Structure formats: structure tokens, C-alpha cells
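> can you look at this prediction? I've put the sequence above it.
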There are 2 protein chains.
Amino acid sequence: MLLLRRCHGLTRFGRPHFQRRHLAPAVLSHARLCSSKDNKSDWHFSGFCWRHGLAGLLAGAGAVIAFGLQRHKADQPAAAAQTTESISALPVFSQEEVSKHRSLSDGVWVTYRGGVYDITEFVAMHPGGEKILLAAGGALEPFWALYAVHNQEHVLEILSEYKVGELCIEDLKKQEPAESSDPYSSDPERHPVLRINSHKPFNAEPPPEILTDSYITPSAVFFKRNHLPVPQVDPASYQLQVEGLPGGGVTFSLEDLKTRFPKHDVTATVQCAGNRRSEMDRVKQVKGLSWGIAAISNAKWSGARLRDVLLAAGYGPDVAQWARHVHFEGLDKDVTGAAYGASIPLNKAVSEEGDVLLAYEMNGEKIPPDHGFPVRVVVPGVVGARSVKWVGKIVVSAEESSSHWQQNDYKGFSPGTDWDTVDYKSAPAIQELPVQSAITLPADGALIDSSDGSLTVKGYAWSGGGREVVRVDVSLDGGQTWQVAELKSGDEGQAPKPPPPPGRAWAWKLWELTAPLPPQVQELEIICKAVDSSYNVQPETFAPIWNLRGVLSNAWHRVTVKITED
Amino acid sequence: MLLLRRCHGLTRFGRPHFQRRHLAPAVLSHARLCSSKDNKSDWHFSGFCWRHGLAGLLAGAGAVIAFGLQRHKADQPAAAAQTTESISALPVFSQEEVSKHRSLSDGVWVTYRGGVYDITEFVAMHPGGEKILLAAGGALEPFWALYAVHNQEHVLEILSEYKVGELCIEDLKKQEPAESSDPYSSDPERHPVLRINSHKPFNAEPPPEILTDSYITPSAVFFKRNHLPVPQVDPASYQLQVEGLPGGGVTFSLEDLKTRFPKHDVTATVQCAGNRRSEMDRVKQVKGLSWGIAAISNAKWSGARLRDVLLAAGYGPDVAQWARHVHFEGLDKDVTGAAYGASIPLNKAVSEEGDVLLAYEMNGEKIPPDHGFPVRVVVPGVVGARSVKWVGKIVVSAEESSSHWQQNDYKGFSPGTDWDTVDYKSAPAIQELPVQSAITLPADGALIDSSDGSLTVKGYAWSGGGREVVRVDVSLDGGQTWQVAELKSGDEGQAPKPPPPPGRAWAWKLWELTAPLPPQVQELEIICKAVDSSYNVQPETFAPIWNLRGVLSNAWHRVTVKITED
């Protein structure tokens, strides 16, 4: 506190109608500001608003929220200037003073657009956990540029609760160049048909009506789910490090992967843990990207088997004695250099029947930048989050990955678990996904011409763990009666494929039912539900599987259509 | 028809008030008799009765029905005599004539307690298919003694529709010794606490309240599910044949299995496909034994690994090129010598992680007769029907077992599929089972003393395929809110076990929740639902998973209790 008011420009900071109480330096580091009825600001921090906003922040680092996404004031050039025109009753700090608060013991301070915030108390509530400490003692802007989830009005509202002062104008000016760099500026162009859930990082899905037009999803419309900016990787200098095996680390070039190991083709469906989240959100708000039914796609992947590469790198029975997990680290990194990461169980990685690939081709061509160029992991039958793109490092380990996305995200909880009670350690990381299906035709709300007398319903069905979909039931009357759809394992005109071996059905089934229109109805509720080879079924409704992150959203899919006479 | 009326005693056969029409020999073999309003008999064969009864018969050979099981008249010594005292208007046939009708082309005739029946038209409707032809040209009694499902009033009613004549008294007398032998006479004694669903074959389950008293179910109360009489096997002369491998068949004695292969212990839960069928039956009638919630139990099995035995018998990579299934045949046989049989996929049988045992111990002692003495198969994570008891033969094959129980039973169908439309070839044989759980305490309808202020709920949870149960949600308010139960992998006081490797969680979890009683309620609907490691969940209700055989009955378990003040 020695540097208090050492800088110029004090009187130009702060909000004119903002009454700061308890300014004594001794309590500043613990001060939390709540609105009160005698405070006529437009900052309304009732208990409800606080919880609502906290939940937003809690979606955290990788858990990107896009619903209600707004460009916040950092994107409005005049905002900072407006703020600095105001008169603040808060103390002014230098960057040097802020930099001293970089730990829980010294307090955790950050700056944001000229404000200084003591977020010590918030650290424990941040779902990314200590990841928030990366910003300690410095500016939030580079992190928020990376994690655009923070660009929401209510996140700013929460931050304001922790405001303890202003940054002196000279130090604020020094930050500006850093703010102007956009880590997403080199992201690739995307197909305009995609429905975008989040621009930075880029997350998008194809329109449902084109999703099941082809058994193999064209790469351009394959759903995109990025956690960070797309890295620029030079294939000539690309190196895959393999660590944790006897004899030390081994590296493989792209050429090594292509020439030293047999090339395997695996047709596998990849599904985001949050596919169909928007439906679960209708029951009760969940946090995460508002995916429709198309955060799932199917491609032919080609590359070296992970098993073969691990064996070449030194994996053997001795390693099997102690190793339990295989970690993957992406080359997509945040501003601190921390990579996207995940792990899978060792037995999936090394099994001859696991079919895990280090893929360098997607649908017969080099993998596009959005899907992991030059090399990505493809873990068939497992949630997409473990199929790490732009893979740069593989580590064989006794422990699961400590990555945020393995430990504090992509897990399922009871409907009774909320953000106050959630304990991420109590649930396993999602690996195999449960059985899923959805109707892609007709669309919800469509008008159906009754003159044909019949109705065609189409969709997809898939299950995790290599469990083949063995039946899809379709109801045209809201679940009163059911008909069995025709299942397809390829496109029209293709020779039928032999059934996959048990437990290795990695690709979806497309399905179709043409049935007479029930007479004299004006509206139909169409439902589909799939059954997999272990006779697992989809749950009927979302409420009993509701979970705070909106993952594993696999209840029956329902669309309502209107029947017209003409 | 040349032998018509060649025997004595014609006038002593038949029912006096029974009007047989269309007696011309040319049509007799196709004649079917239905009741009509002008027929005042007590035999009422309306269309409804026909279908109802047919469904009963359709449950067929191994698919034993016990609901409404009644000792039929064959067990009443006077019945045959009473019948023969009546005067019949039907022709009399000799056994020699009956014996000529043993094929669909010659007609299929059978005798039953002095009656002659042309069942040619019924053959196609028999779920055991051509198994019914085993009785062609002869007496039904030996088969019905084996398959006690037939011992029901409505089965007799259906049979009567096909009556075409009477057996001459001399030939009837010759049958009597055969009828007096009871293939179940050497079945073992059973624990009196068991709740019996069927005596012959013996099928019984423990009371739910004792099921979860111990993590390892004592063998005496482990549920019993026999398809045939318990065979008497001499352990000294026991031979296990292994066929289908290069070099011809190999046999192993019990001593071989115990000494030539490492002894492995696997704690595995076994569940009948029909567990909880009685609940599904409440939605709409299904066919099969009316199991409660306790056709599931957990034991420690010890024996040789099937994988090791197959390797010793000649299994290798060359066999893996063409083989896809491993068949098991029991030493329990029907009167024709046909054994109980089933098969599992080859990869389950030979995988190091499949843990399939040829078990000679159950809970540390030699396997009891009811559970497969001296050797049974234990296929962890798979429906009990594939864990063949008293195993006598193993066959490695490119094809699935052709056994009735593999092809025409133990399969799941859509709720829209009925006995008129079912095509058993359209569904896969059940192998891995879906996630399951049930409440064993309190019992449905129990009175709960509210003076404690709290309520303890207990139960079990398990899933197939080695998928560990990761959570059990319990609701005390009919599903409005949920609490997470405590999971247990052993008995109280036991050291906690390390978690099983992924995909090898073969044993159930017991679970318990103690929660405050909601204030001022007089009745609670308690529900449990489990989640497995692939995040599969149980369906909410039975109607959407209803299937004509009442298998895979894994909807939420619900019990209603009353709260008392004292």
C-alpha cells in the first residue's frame, strides 16, 4: 500500500456515482463490494445476480460459454477512455504494486482495462482452479482474448465486485500493445453453412438437415470444436514426442508416422460431450456451448495405430505393470504455453481392438487445420475431447492427465448436484459415451404436406465403446406406439459392409422410416430412441439426466411437426 | 386311416358333451376345433383365449413360464381314468398309426393322456421351432415332464383344439412306465428361504431383504436358474471336450483343469435376462418366469481361464482368422439328449481382459450342483444364460451357437413387436447387459416409523460389459429431487479394494443412503437409478422398453412406503 496514489491522474479514474466504503488499506485486500439499495448504480449485485454470474465464470477456462455471448466493452474502443474520464474514489496502484500480489498468501490481484481487482477469494471458485493464477499480478486481457467465454456482461459484473483500485495511467498505456494481438487471427476460413456457437475459439456445427445426407461427413461441414486458437504447424518440422517409456523420450516426424508404421483406416464417429446441450438447457439452465443435435459427425480417419507407435517407442509388458493412462498434449496453447490435454486408459490405447489412431488423413486427404493438421489422435468410441488434435506429445503414465479438461470438465453429475456442491473428484472423466440418436428430418416445427399420405423420418444413431446400434424405434404419436426404423451403414448404392466385430462398431448408423401419416391429425410429435448392442437405451426425458455442465445429453429426441392439407 | 377303429375300447373314450364336426378322414389331419356358442362345453376358445393361450405355449421349450403355474391334470392320478370313462365320438388310433405322422409332409401327430392330436399347423407357431418335432409320432408326456411350462390349464386348452382322435387303450397302457419317471427326481435339496418361480426346472430367487446383506451372496441363496434337470456328474470321470481347433478334439479332466492351468479368482455378478420381469409384466403381459428383483447375485468364482484352456487346446492366430464364436454345451440334457447350449463372441473368450472362467469353485468351495458342479462357465459382464453350467463341451466356431436359447430366446425387441410380428433373426442375442439397480430396503409397502427422523435406503447396482457403476441417484419424492448414495465394493469392515481396471468391473456395487424424512408426508415413493462408467443410465419407465419376453427389464426401481407416527 506504500505506492498508493503515487501515480498521476488519480482524479480521472472511477465511476462518479459509485460509493466505495471501507477504504482502509488493511481491509482492501479482502473488501468485496455488493450493491445496496442506497446505491443507485446500475450495477445490481443481488444474491441472485451473484450466483448467476458466478456460474458463468465457473464455466471457466476451457469450458466455453457461448449462450448470450456479447462483445464486451473491451471491444468498444471508447470504453476505456470513458472510464478514465470518470472520477474514482478508489486508490491508484502502479503495476509494480499489483505485481506483488501473485499468490494466495500475498493476495491475488489482476488488472482489467485500468481497474485493479483483488480476486483472492474468487480463486477457489474458479473451475479452472489455479489456472486463474496465471494472470495473477498482471492483466486479464491476454487470457480473456484466449477464452472468449469471459466476454459477457455478467462476467464483468462479477469482476467489479472485487475492484480495489485503479491502475495508474502510465502503466495502463504500456499494456495496450499486448491487448491488440488476436491469437485467433490465423484461424482458417470456415464453410459458411456452419452454425457458429463460438467464434474464439471456433465452435460450430452443420445444419441438421445436411448432417445425414452422407454417411461420411465431408470435412468442411464436420462439426468443429476447438478449445484454443488453431496452431500453425509446419509439417516438415513437426515432431511427435513420446515420453514415459523405458529408454527415455522418442520423437517421430510426420514422415516417420507415415513410413515406419502400417497405415490403418478407421471409420469413426466423433461426438462432443455437449452434443444436444441446448435441449437439456430447456429443463434448467446449464453452462456450455449451446450445441444443437449436430455436434457429431462421421469420417474415415487414416494413420498409424497408437499401439504400433507405443510399441516402437518402448512399450512392453514391463510398462503394463505400472502404467494405466496415456496422455495426449496438443500443440494448441494458451498465452502461458499450456497445451490442451487429455488422457485415455492404457488398455484402450494399447489394445489391438482399441483402434486408436494417430491420424494424418481425414476422408482420404490431409487433415484440415481445424481438425488437427498434421496429426491428431482419434479415439474411436470415446468422447471427442480425448481425440486430441494437433497432437505434439504423448506420455505413458500411472496417472490420469492433470489437464483441466480431464479433471475439472467433461464429467457427469447427479441432477441434484449444483455449482455449490459439485466435487469434480467424485466423478470419472467421460470416456465412452452412452447411446445417442436424433432426428434430422423433418425439422422441429416443419409443415408436412399430407397429400402423400406418408411421412419419411431420418436421423442418426451411435453409441460409445464400439457398441453397435442394433435398433432405432420411432414413434409418430409422442411415444404411444413405436415402429422400427431401417438402419444404414453406408450411402445408397454402396455395397453393404460386413458387420463390425463385437465392440468395434465405431461408426454411426443412419436410419430412416417411411410410415403412413396417421389420419386426421394436425400435429405429430415424432420421437426416436436407439438401442445398442448391450441393449442400453436412451432415457426418456432430460430432467433425470440434467447435469450442471449439460453434457451426456442423450434423452429421446422429439420434434413436433404440423400437418397441412395442401 | 386304415387302422381307424381297429382297437378295442372305442366307446370308452372322448367327452360326452363334445360335438366333433368334420370327421372325414381326408380332413382330419388339418381339422382345428374351436368352441362355438352352440357348444355348451366348458372349453372356451374365443379368439382372445386362443391368442392368450398361444402366447403361453410360445414361451416354449426353455423359456419357462411360471406365472399362474398350476399343476395340471397329468399330476392328478384320476384324470386319465376319468377321461377314458367318457364316451368319445372321435376315431381311435393305434400307436403304429400315430407313429407314421412324424413330419410336416406326413402330418405331425402326438398323443397326450390317451388323446391323439394333429399339431401340424401349430409347429410353425412353436417358439422352440422344430424342437416340437422331437415328440412327433409319440407321447408328449416325457417332454412336458422336462418342460414344466406346459403344465398349465390354458396350454391344455390349446392342445385340445388339435384333437383328432383317441389312442387305443392297449397302446395307452404301454406308455405308463415312461410317464412315471421324473427327470427332476435327483435334483438337489434347496434352501427353504428361496422364493420359487418354477419347480421343474428349478428357478428361485432369494428374498430381496437378504440379497444385499452380504457383498458376496452365499451359494445357498444365490438365485437359481435351471433350464433342465440338474445332471449327476461324477467328478472323477468328468471330461471337458474342446472342439473346432486344429489337430482335432482335446479333452480335459477336472484334475487337468485344476493342475494344468493357473487358478484365477474372479468376483462376478450374474444376472438373469429376466430379472425384474414381474415389473414389466405390470405394463402389459410378458411371457417368462415372474422374477422379482433378485434374479441377480454376486459370487467369487475360481477356476482356469477359458483363454488358457483354449490356447492349450490349439487356439492361435490362425484360428483367429476364421473363428468368431465359442460355444458351450451343458451336461444338462433333455429326453432326446439335446444339451443346453449358448455361445459368446470369440474376442470375449480369448481376451486377456475378458476374464472368462471355467470355474470349479464358487465362494471358495466346490461348485454346488445347482450352480454347475463340477465345472461351469462364468462369463463376467454377460447375461447369465451364457455362463453355461455343467459344461461338457466347448466348440470354437465361425458361427454363433444354433441353440434355441441363443437363436430364439434371450433377445430384445421393440415395444411394437408382438408374437405375430416377431422375427428372432432381426435381433442380436443378448450378451452384455445394460445398467441395472434396485432397492432392497425398504420393501415396497413397508411402514416406516418416522420417530427416527431419517430413512435408510439400500440396494444393489450393476452393469454389463465390465462397466463400473459410478453413481446411484436416490429420490424420496418420486423423482422430483435426487441424492447420491454411498457405493460399497465390499462388506463392512473389509479393507477397501482398489478400483477395477477400466472395463473389468464385473461385480456389483451395494449402495446405501440415509436421509432425513421429508416432514409431514404420509407416503413416499422411493426411486433408485444407477449410472455406469460409460454414463449409461436406466430408463425411467417400463413401457418404452417393454418386450414380449420381458427381458432387459431395467427401468428405475420404485417402492412406495407409508410413514407412521409411531
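Sure thing, it's come through.
> per-domain residue ranges of chain A.
A:92-175, A:195-408, A:435-564 (the TED database).
> rebuild those domains as TSV, extending it with distance to residue A:181 and mean neighbour count.
C-beta coordinates here come from the backbone N, C-alpha and C atoms, glycine included. Listed next are the domains of chain A as TSV, based on distance: least, C-beta to C-beta, whole Å; neighbours: other C-beta atoms under 10 Å in any protein chain shown:
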stretch	distance to residue A:181	mean neighbour count
domain A:92-175	8	20
domain A:195-408	10	20
domain A:435-564	31	20
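> save those as CSV, and put in mean pLDDT and distance to residue A:414 too.
Formatted as CSV, these follow (pLDDT from 0 to 100; distance: least, C-beta to C-beta, whole Å):
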stretch, mean pLDDT, distance to residue A:414
domain A:92-175, 86, 18
domain A:195-408, 97, 13
domain A:435-564, 95, 7
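> a markdown table please, covering those domains and showing distance to residue B:557.
Formatted as a markdown table, the domains of chain A follow (distance: least, C-beta to C-beta, whole Å):
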| stretch | distance to residue B:557 |
| --- | --- |
| domain A:92-175 | 34 |
| domain A:195-408 | 23 |
| domain A:435-564 | 14 |
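> for residue B:125, find the nearest of those.
Nearest of these to residue B:125, taken as C-beta to C-beta: domain A:435-564 at 21.8 Å.
> that closest one near chain B at all?
Yes - judged by C-beta under 8 Å from any C-beta of the partner chain, domain A:435-564 comes into contact with chain B at A:435, A:464-465, A:467, A:470-471, A:473, A:479, A:481-484, A:501-503, A:529, A:531, A:533-541, A:544-545, A:552.
> and the helix or strand encompassing residue A:512, how far from the chain's centre?
According to DSSP states H and E, residue A:512 maps onto strand A:509-516. In this view, strand A:509-516 has its centroid 32 Å away from the chain centroid, taken as C-alpha atoms, centre = their mean, to the nearest Å.
> in the stretch 251-400 of chain A, which spans are helices?
Taking DSSP state H, counting those that start in this stretch as the test, the helices found in the stretch 251-400 of chain A are A:254-259, A:277-283, A:306-312, A:317-322, A:346-350.
> do the same with chain A
Using DSSP state H, the helices of chain A run over residues A:25-28, A:47-58, A:78-85, A:95-99, A:141-146, A:153-160, A:169-180, A:208-211, A:254-259, A:277-283, A:306-312, A:317-322, A:346-350, A:404-407.
> helices and strands around the fourth one, which ones?
It refers to helix A:95-99. strand A:107-112 (3 or more C-beta pairs under 8 Å, 6 or more residues apart in numbering or on different chains; DSSP states H and E).
> okay, the strand it packs on in CSV with CA atoms only?
Written as CSV, here are the backbone C-alpha positions of strand A:107-112 (Å, rounded to 0.1, in the frame of the first residue of the first chain):
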residue,chain,number,x,y,z
GLY,A,107,-3.3,-11.9,-2.3
VAL,A,108,-4.2,-12.3,-6.0
TRP,A,109,-4.5,-9.1,-7.9
VAL,A,110,-5.2,-8.6,-11.5
THR,A,111,-5.9,-5.6,-13.7
TYR,A,112,-8.5,-5.1,-16.4
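> residue A:476 against residue A:448, yeah?
No - Residue A:476 lies out of contact with residue A:448 (C-beta atoms under 8 Å); the separation is 10.6 Å.
> between the two, which contacts overlap?
Common contact partners of residue A:476 and residue A:448 (C-beta atoms under 8 Å, 6 or more residues apart in numbering or on different chains): A:455, A:517, A:524.
> now those residues in JSON lines, with distance to residue A:421?
Formatted as JSON lines, the shared contacts of residue A:476 and residue A:448 follow (distance: C-beta to C-beta, whole Å):
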{"residue": "A:455", "distance to residue A:421": "45"}
{"residue": "A:517", "distance to residue A:421": "48"}
{"residue": "A:524", "distance to residue A:421": "40"}
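> what is the nearest of these to residue A:92?
residue A:524 (65.7 Å).
> which residues touch that closest one?
A:448, A:455, A:476-477, A:517-518, A:560-561, A:563.
> repeat that for residue A:397.
Contacts for residue A:397 (C-beta under 8 Å, 6+ apart) come out as A:244, A:323-327, A:343.
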